[in-house]
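Novice: Got a sequence here, can you build the structure:
(chains A, B and C)
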Amino acid sequence: MNAVEVLQREHVLVEEGARRARSREIRRHVLVYLGLLPFVLITVFPVFWMAITAFKTDNDLVNPTVFPFWFHQAPTLQHFAYLFQHTYYGDWVFNTGAIAVGVSLITLLVGVPGGYALARLQLPGAENMGIAIFLGYLIPPILLFIPLSRIVAITHLIDTKWALILVYPTFTIPYCTWLLSGFFKTIPHEIEEAALVDGCGRLGALIRTVLPVSLAGILTAVIFAFTLTMQDFLYSLVFVSVSDQKPVPLGVATDLIRGDVYFWGSLMAGALLVGVPVAILYSFFMDQFISGITSAAVKS
Amino acid sequence: MARKADRQSRTRSVRRITRRQLLTAAGAGVAGAALLPLVAPWKAGAAPAQIKGSSLRILTWSHFVPAYDTAFDKYANDWGVANDVTVRVDHIPIDQLPARVASELAAGAGHDIFQQNGVIQTTLYYQHMVDVSDVCEKLGAQAGGWIPMAKQVGSVNGHWYAMPEFFIPQPMLWRSDLFKEYGLAGPDTWDHCRTAGRIGKSKGHPTGIQISHCNDSNHDWRAIFYAFGVKEADPSGKEVLWDSKELRAAMRFGKALYDEAMTPEVLSWDNVSDNRYLDSGVAIWIHDAISAIRSIQDSNPDLYAKVNISGPWIEPMGPVMRAPVVDPTTLAIWSFSKNQAAAKAFLEQYGGDVKFSLTASKGYNMPYLQKWYTKPMPALGADPKVGYLQEWGKAALWFGYPGPAAAPAAEVLATFVVPDMMARYVRTGDLEASVKWGVGQIKGIYAKYK
Amino acid sequence: MAHADVALTGPPKIRHRSFTRERLRFGYSLLAPAMLYMTLLVGVPFFFSLYLALSDASVGNQVAGYVGLGNFFAIFQDDTFRLALRNTLSFTVIAAIFKIVLGTLMAFLLLQEVRGRKLIRSLVVLPWTLPVAISALAWKWMFDPQFSAINYVGTHLHLIGGWPNWLGDPTLARAAVITVNVWRGFPFAAIVILAGFSAVPPELLDAGKVDGANFLLRYRYIVLPVITPILFVGLLFDTVFTLSDLSIVYLLTGGGPENFTEILPTRALEIGIQAGALGRGAAIALVLFPLLLPVVYVLLRNLRRQGGV
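Specialist: Below is the predicted model:
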């Protein structure tokens, strides 16, 4: 065989190798997709069903003879219209947003200094204080809501969204303080020491050097605070009975049931309108979220 | 099974929100517009001057006749406008009311006026409720006195702490066409009801009574139990009389009724499941408030025409008696309310306005004031279909009977012991164990109040 | 600024002490808001709950007498409470098993480098990102006695016989509650496990491969030690949620049918508020506390060993 033939043979072999690799790749892709398919179906189906329900007319919804997962009468926006015209839905969305922002602010204002102090200042008893704060997270709302209702009543905040802004940090602060302290531990001390040597006070050092590099951790804390506020139901149920002060989950669960009749169309519409944007938001911050959990747990 | 009728009427129910919208003609809704001439013209300044510029908050249930919520909100708002009081009304589902009322008391803050509906806990909370004897006595004097049941739910130790608002009868709603077709005697005795249910079920028209944690279940089963002679407590309310052979007989009847005439879905029914059963054309009879047929009055006039409400016998006869058990509601003022004067003024105005209440609810809200029972009653007298309801005033029975409708009996209601007892029995078939459990729970509850 | 000057020019010992004092002052004042808030809004109410649990307070009469452990004896004699306690434990354990298994499976799949991985990851996290109350309502509709989508699919695929009444049958209702909890929890488990896997330094794994360790050995000695603390964090977070959440049961079944899906939080709400017995309600809620402590203890001990908290 001459050189050209050798090269040609090599070329053919390489191509064949590449082809086999490609088909292996494709096979692998197919297997993985097949494996993920049931998971995707399970997780997405209820949301899909929620969406279909939100857009179906009432008659279409209660017709048991047709295929339920698609439209037989034209999709309608009447349920969404109902939400905004005949319920306080607009207020609920605003309340949910306001509560999330307010709680996140309070959590950061309290949790960032707290986490920093626990992580980096070698305070005697720091570890125990940290545990004490974290234990607060473990005291379930069902235990606290009665005494808290007294406290909230004293502040005259009952039946307003401010009651929730006041009370939700009871579970966001412990969790986020612990998270942030773990995060702060990973920051090298040299950064601060450099600032201190330069003549900044401790507070200045904190603000100017530590905070800027902690944005990822702070963001994670905000995400967690947000998650936790959206999960609560008991406090909102007990502290807020005035319709226009309710957050979305409570409003949807109480005001869209009239005389024991569930208005499923509007219920699902209301759930969808808030659920989906929140989900999309999370998907953007998923990486932050993952690194937040990782660094909180593996603080070495 | 078309539930269309039910949903159509629901989508038409208008939800009231802001005061501004209330005052626009578009927001008033048909009911409101039709009621304008009936609403008493507000005598401006009739309420004490000191309440001007204040605010009043009312907590009440989400009415099973949706038009009433709209009408009531407008009524309250109009009263507020005329008296310079900002009024807001919040509605919540009936089964959530007791918990909400209790949380407001636990917090020491909340609404000014609150409704109790079904579960009446006046004797439990009266120390935290404003004494409204002046209002109630005045109303009684103006209207020929209160029916006996009123004092049961509103008064403690001779003082009125809650103003009885209305009561809800739960008569037989029965398909006269099916009864005729199957040659059945009318449902004037519980035995006839059972026969009708049995034959109906064999022909695809079963019946259903909830055996679950809902208000209807509590009251419907008491109607059967009392008819069999079951007594909850003695008239003083101290001695528990549940454990009796009458109870066992009643429960045996209940289980037979369940086995022969119902389907197991009644174990997970809520307050409107039986409404839906009737409205879809399935049920041969149900034992329920008239909201069940009000919702199909316009959307399914054929079916509406076929349903009869009660009869000259008022309530089916059991071995011992007829037991028209009703669902009472009251309005009361918290002692921590910052605006007791306005609250009292509103109660006085609304409490006397029975014509409004009866008409706006299309005959659902039965009054406690005697004068209103002179026939023909508003909304009921003119309509032969609901005519028999006019007899319920003198016969109405309350939970806890023959004992008082006091705190222990209310707790038995609130913890749904009776539906649970029946559920145990129909599921396990063990009568003695179920009775023992139920009576044990009830005795434990009464013991706490000694 | 002045601080630093003084500190740097003074004699070493004084400098150290004032440095320390100043550091401590700074530190405690930073910590103060957190301690203050938690004391006022968690500590004080917690001790008030203890007081309630040891008294016979009721909603109508909130200043009441001391009854010692009477409430606890009373609640343990109530068989609905015992049912609620059994349910709380069994729901948590069964749901955890499902969540770990499903989560691990999905994490392995999500680890694979395939196109569209990010999109799929965003999709499968949907259940966890929806607020709990909203998921519960969506599933209530899915389990509706007349219009259940699950029944429709199941009967048409011949997986289900008849038309089960999910929320009306005691066993099915329990399954329904666990299903909702697992549905919204396993994506979180998967994400946590995924985080764990990605925290394993690839050099270690490669070194293991070079050393000839097979998959299982690599998993046991390299991967596990790294992901264990992360798993514990996730497990703690989720267990606390499952134990103390009442929205799923409250909205889905209300504790029914006939109390068969009652859990401690819903029972505490019923007895404490609906029946007005504040003392006994607080006692029921307190029983949750010892259930949570062991989990915390194991976690903290584990983290301490790793040099955490």
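
Novice: In contact with C:Pro249, which residues?
Specialist: Let me fix one detail, which is that residue C:249 is Val and not Pro. If you count contacts by C-beta atoms under 8 Å, 6 or more residues apart in numbering or on different chains, C:Val249 has them with C:Val177, C:Gly255, C:Thr261, C:Glu262, C:Ile263, C:Pro265, C:Thr266. (C-beta placed from N, C-alpha, C; glycine too.)

Novice: So which of those residues wins on neighbours?
Specialist: Among the contacts of C:Val249, C:Ile263 has the most neighbours (other C-beta atoms under 10 Å in any protein chain shown), with 29 neighbours.

Novice: how much space between that one and B:His219?
Specialist: Applying C-beta to C-beta, to the nearest Å, the value for C:Ile263 to B:His219 is 28 Å.

Novice: go on, C:Pro225?
Specialist: 62 Å.

Novice: Give me the more crowded residue out of the two.
Specialist: Higher neighbour count among C:Pro225 and B:His219: B:His219, with 26 against 12, using other C-beta under 10 Å.

Novice: Quick one: check the helix or strand containing that one for contact with chain C.
Specialist: B:His219 is part of helix B:215-227, with elements assigned from DSSP states H and E. No. Shown here: helix B:215-227 not in contact with chain C (C-beta under 8 Å from any C-beta of the partner chain), separated by at least 10.8 Å.

Novice: Distance-wise, check C:Lys99 relative to C:Gly234.
Specialist: Distance from C:Lys99 to C:Gly234, by C-beta to C-beta: 9 Å.

Novice: for A:Ala117, same thing?
Specialist: If you go by C-beta to C-beta, the gap between A:Ala117 and C:Gly234 works out to 26 Å.

Novice: which of the two has more neighbours?
Specialist: A:Ala117 (29 against 25).

Novice: wait, what's in contact with A:Thr254?
Specialist: A:Leu237, A:Lys246, B:Ile92, B:Pro93, B:Gln96.

Novice: What ranges does the stretch 301-450 of chain B have for its helices?
Specialist: In the stretch 301-450 of chain B, the helices defined using DSSP state H, counting those that start in this stretch lie at B:301-306, B:340-352, B:354-360, B:392-395, B:407-414, B:417-428, B:431-448.

Novice: Hmm, I typed the wrong one, I wanted the stretch 101-250 of chain A.
Specialist: A:126-138, A:141-154, A:161-167, A:169-185, A:189-197, A:202-205, A:211-213, A:215-231, A:234-239, A:248-255.

Novice: can I get those in a markdown table with distance to C:Gly208 and mean pLDDT?
Specialist: A markdown table is the format used below for the helices of the stretch 101-250 of chain A (distance: least, C-beta to C-beta, whole Å; pLDDT from 0 to 100):
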| stretch | distance to C:Gly208 | mean pLDDT |
| --- | --- | --- |
| helix A:126-138 | 34 | 81 |
| helix A:141-154 | 45 | 86 |
| helix A:161-167 | 49 | 93 |
| helix A:169-185 | 27 | 87 |
| helix A:189-197 | 33 | 79 |
| helix A:202-205 | 42 | 77 |
| helix A:211-213 | 33 | 82 |
| helix A:215-231 | 30 | 85 |
| helix A:234-239 | 47 | 89 |
| helix A:248-255 | 46 | 89 |
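
Novice: chain center to the helix or strand containing C:Thr80: distance?
Specialist: C:Thr80 belongs to helix C:79-111 when assigned by DSSP H and E. Averaging C-alpha positions (C-alpha atoms, centre = their mean, to the nearest Å) puts helix C:79-111 11 Å from its chain's average.

Novice: got the angle for it vs helix B:417-428?
Specialist: 70 degrees (axes from the mean of the first three to the mean of the last three C-alpha atoms, to 10 degrees).
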